[in-house]
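In: The sequence and its predicted three-dimensional model are supplied below.
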Amino acid sequence: MAHNLEQILVLITADKKLDRDRGLGELNRKINNAEPHEMQAVETALTRFLQDSTASWETHQGALLAAKLVLGSNLSSDHFAAELRIHALHQLNNNEARVRLAAGELLGALCKRCGPEVYESSKDIILEGVRCNLERAPLNEASLEEQNQVHALTEKLARSQKDEGGASAEQIFHDTAGWKNLETWMRCLQSVIEGCGQYFLPHVTQDLLDLVFQALTHTNRFVRETGYYVCGTLVSCSTMEGAEDHMESDDGIMTDDNEILQHGEQFARHLAEGLADNWSQVRLAASVATRKFLLALPDGEARERFNAILLPRMCLNRYYVAEGVRIYSQETWRAVTGTQGKRMVEEYICDVVQYYVAQTEADNHAVREAACACIAELGSKIDSDVVRPYVNVLLKALLVCFKDDSWPVRDAACIACGNFVLCFPDEARPSMEALYPLFFANLADFIPSVRQGSAVALANVAKAYGDEAITNLFSKIQEGIAGLENQPNTTEKYSEFDSMPAQFGVVKRLRDNDMELHSDKQMYSCGSLAPKMGRGSKGGCMDHQFKKPSEPWEFCDGCVQLLAELSSQQDLAAQVATILPAVANATRKQHYAQYVVLLETVCKSLPVIAKNIGKRHFKPNLENFFDAIFHALSCDNALCSSAASLCLLELGQFLGPNILKGRVENYNPSYVDKLLANQCAAPY
């Protein structure tokens, strides 16, 4: 090791992170076989680096991380450990955040090696560091460089606020910018708790919890996120030794006299707030702490104290738009409830409904969407007698979301309403007068998935109300298909589009090149929910509020999808068959740019309709669609061509390949080669 020691130390303090990481890796591999005099040389060098106040932050960070490795080897001296505590505390005030994080990790390693005495001797400094940084220092006390950065950021955030409303620049700044040293002081506290383990329990006092809980309600999201991770660490250290993974072990259970359990109501209340936070990162941190808290409780009886407040929030997060939160919450739900999830929702149905309804009014559009999905789940999965008393309240909330500015919320509300109408037809009947126009509006929406969701919902309406709904729906289908006659010519209707040739099959709006729409506008992080979450606000990287007027072809497209959904009801086969000639006639109208989208929908729907209504009703209408299918097969639009290819293959399987070939040859012999080529190209 002596031969390479100088080289390793150079790497550890290098300017490049890759070099520092390589140096730490070399040190970790060689340190366990080191001689005592070699270890002393390493300790001396690291101490020298940390004492040098003129050294770069890279040198200090590398030395702190290397010292952490040396402590972990159990070959370091007690004198070195004592010196490290002083240097680590000093570096917690370094201007560089990465150095402060490394210093906190080093203190955690010291606690693990030397015990809680390290925390006891550093307690006042650590807690005071957290307490002093809870409020941002006035700008006149900050450095000149920080003042310039803050002013530049707030000026950028302030643009367009007067015209668009929403959060003020100061609010957005406080929620998104770093909060001086507070986050790193919290990380330091977390590392110390992890290092002490179960020996930290005697130090869990109300004063400490008040300080941590104060961070959980902080205006800055990074501070709240770190605070919840600290809570999770507190819960972990409070369990019996020997169980780090509560999901796979029965160990790690709190005892009745546990300090954390004694403050359980406070923990549960703050965890509930975190599970409903507007920032996905904070929700995830709160979800981690909640899982640790619930799985560490002694038994189901102990959990009952907190189910009413935590269960509804955990349940909703299973549908949250952020994938990390959604998947983690689903795993937590299975771990906590096992096979009793349905029973537990029914037991706490009043709390669940109350929370779901409240979340349909949330500012965050992602939360409103998840709430609608959860309400739909109540209608389809929970015992109807349990949900029935709350149907009117839930439908009222869904009706509000059905008119939401955000199309994902409208889509989720539409599907949920369809589920409720099917499951509770009598209770939903008074709302149908308001629901029908909303269903039909979604059926003509400019978003394809919204049209599809409306078709599914209206099919449920037909199942629920029978003839009275079916007559209305078929009338609307005929109206929508016939309305394609009113679709303006492309050159007339799309004067707002660029007249240049479309690139990659995409027509470009002239408004896309309007400099006023894209200059001097407020900028947003893709992870930011604050600017885009308002129900009446505009802007943001996921602005779902843009809505153009519905066009006749879009309504016709939705009607074709609705026809496919209705065809699944066997007693409607003859009525569906009577509409098919009109659908075929609609495919011949190709005077507008988006006709390929309608062709794609027809090609996808035909096999479904054919199988549902049977050969007797479908065969007489087959030839009417050949021109459209083979035109789509040779279309430049990949989605349309692929849909036509699959359509022919599925029709061949349904009718028989030779029968289909004969019908094609009889209609137009020139199509036979295309049919055979498509069959040869098929993967099956």
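Out: Sure thing, it's come through. Residues are numbered from 1 along each chain as shown.
In: And the strands in this structure, which stretches?
Out: Counting by DSSP state E, the chain has no strands to list.
In: Identify the residues contacting the residue lying closest to residue 39 once chain neighbours are set aside.
Out: Excluding the flanking residues, the one nearest residue 39 by C-beta to C-beta, 6 or more residues apart in numbering is residue 75, at 5.3 Å. Yep, even glycine has a C-beta here, placed from its N, CA and C like the rest. Residues near residue 75 by C-beta atoms under 8 Å, 6 or more residues apart in numbering: 31, 32, 34, 36, 39.
In: To what extent is residue 7 buried, counted in neighbours?
Out: Per other C-beta atoms under 10 Å, the neighbour tally for residue 7 reads 11.
In: Pull up the gap between it and residue 606, please.
Out: Per C-beta to C-beta, to the nearest Å, residue 7 is found 71 Å from residue 606.
In: just residue 619 next, same as before
Out: Residue 619 is 12 Å from residue 606, by C-beta to C-beta.
In: Those two - which one has more neighbours?
Out: residue 606 (28 against 14).
In: Just to check, that one is in contact with residue 648?
Out: No. The criterion here is C-beta atoms under 8 Å, and residue 606 misses it with residue 648 at 9.7 Å.
In: what residues are shared contacts of these two?
Out: With C-beta under 8 Å, 6+ apart, residue 606 and residue 648 have common neighbours residue 629.
In: what number of residues lie near the residue nearest to residue 213 when sequence neighbours are not counted?
Out: Closest residue to residue 213 apart from its sequence neighbours, by C-beta to C-beta, 6+ apart: residue 270 at 5.5 Å. The tally of other residues near residue 270 (other C-beta under 10 Å) stands at 22.
In: Which residues are in contact with residue 270?
Out: By C-beta under 8 Å, 6+ apart, the residues touching residue 270 are 213, 216, 217, 231.
In: one more time with 10 Å
Out: Residues near residue 270 by C-beta atoms under 10 Å, 6 or more residues apart in numbering: 209, 212, 213, 215, 216, 217, 224, 227, 228, 231, 286, 289.
In: Of those residues, just the buried ones, ChimeraX syntax please.
Out: Only the buried entries of the contacts of residue 270 go into this ChimeraX selection, using 16 or more other C-beta atoms under 10 Å:
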select :209,212,213,215,216,224,227,228,231,286,289
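In: Can you lay out the contacts of residue 270 as CSV showing distance to residue 27 and pLDDT?
Out: As requested, the contacts of residue 270 are exported to CSV (distance: C-beta to C-beta, whole Å; pLDDT from 0 to 100):
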residue, distance to residue 27, pLDDT
209, 38, 90
212, 34, 92
213, 39, 92
215, 34, 90
216, 38, 92
217, 42, 90
224, 36, 92
227, 33, 92
228, 33, 95
231, 34, 92
286, 37, 96
289, 34, 94
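In: okay, the contacts of residue 270 in JSON lines with distance to residue 564 next?
Out: Formatted as JSON lines, the contacts of residue 270 follow (distance: C-beta to C-beta, whole Å):
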{"residue": "209", "distance to residue 564": "58"}
{"residue": "212", "distance to residue 564": "55"}
{"residue": "213", "distance to residue 564": "54"}
{"residue": "215", "distance to residue 564": "54"}
{"residue": "216", "distance to residue 564": "50"}
{"residue": "217", "distance to residue 564": "51"}
{"residue": "224", "distance to residue 564": "47"}
{"residue": "227", "distance to residue 564": "51"}
{"residue": "228", "distance to residue 564": "46"}
{"residue": "231", "distance to residue 564": "50"}
{"residue": "286", "distance to residue 564": "42"}
{"residue": "289", "distance to residue 564": "46"}
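In: Give me the contact list for stretch 41-53.
Out: 1-2, 5-6, 8-9, 12-13, 27, 30-31, 34-35, 55, 59-60, 62-67, 69-70, 73, 75-77, 79-81, 83-84, 86-88, 90-91, 103, 106.
In: from those residues, which would you call buried?
Out: Buried members of the contacts of stretch 41-53, counted by 16+ other C-beta under 10 Å: 1, 5, 8-9, 12-13, 27, 31, 34, 59-60, 62-67, 69-70, 75-76, 80-81, 83-84, 87-88, 91, 103, 106.
In: Could you give the number of residues near the nearest residue to residue 607 once chain neighbours are set aside?
Out: Counting by C-beta to C-beta, 6+ apart, residue 607 lies nearest to residue 650, which is 3.8 Å off, once chain neighbours are set aside. Neighbour count for residue 650, taken as other C-beta under 10 Å: 17.
In: Quick check, residue 650 in contact with residue 609.
Out: No. Contact status for residue 650 versus residue 609: not in contact, 11.1 Å apart, counting by C-beta atoms under 10 Å.
In: give me phi/psi at the residue nearest to residue 39?
Out: The phi/psi pair for residue 75 (degrees, to the nearest 10) reads phi -110, psi 0.
In: what pLDDT does the most centrally placed residue in the chain get?
Out: Nearest to the mean C-alpha position of the chain, by C-alpha atoms, centre = their mean, lies residue 322 at 0.8 Å. pLDDT for residue 322: 92.
In: does it really touch residue 284, like I thought?
Out: Yes. Using C-beta under 10 Å, residue 322 is in contact with residue 284, at 7.5 Å.
In: Might you report the residue contacts of residue 58?
Out: 12, 13, 14, 15, 16, 17, 19, 20, 96, 98, 99.
In: Scan these and report the most crowded one.
Out: Most crowded among those, counting by other C-beta under 10 Å, is residue 12 at 27 neighbours.
In: I'd like the distance between residue 261 and residue 303.
Out: Note on residue 261: its distance to residue 303, by C-beta to C-beta, is 11 Å.
In: okay, and the common contacts of those two?
Out: Common neighbours of residue 261 and residue 303 (C-beta under 10 Å, 6+ apart) are 293, 297.
In: how about a markdown table for the contacts of residue 75, with distance to residue 357 and pLDDT added?
Out: Formatted as a markdown table, the contacts of residue 75 follow (distance: C-beta to C-beta, whole Å; pLDDT from 0 to 100):
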| residue | distance to residue 357 | pLDDT |
| --- | --- | --- |
| 31 | 59 | 82 |
| 32 | 60 | 75 |
| 34 | 64 | 77 |
| 36 | 69 | 80 |
| 39 | 64 | 85 |
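In: the helices in the stretch 201-350 of the chain, which residues?
Out: Using DSSP state H, counting those that start in this stretch, the helices found in the stretch 201-350 of the chain span residues 206-216, 221-237, 259-262, 264-275, 280-295, 300-317, 323-337, 341-347, 349-359.
In: Please read the previous query as pertaining to the stretch 451-600 of the chain.
Out: 467-482, 490-493, 515-518, 552-566, 573-587, 595-613.
In: which one of the ones you listed is the most hemmed in?
Out: helix 552-566 (a mean of 26; mean count of other C-beta atoms under 10 Å).
In: For that one, name the packing helices and strands.
Out: helix 432-443, helix 448-465, helix 467-482, helix 573-587, helix 595-613 (3 or more C-beta pairs under 10 Å, 6 or more residues apart in numbering; DSSP states H and E).
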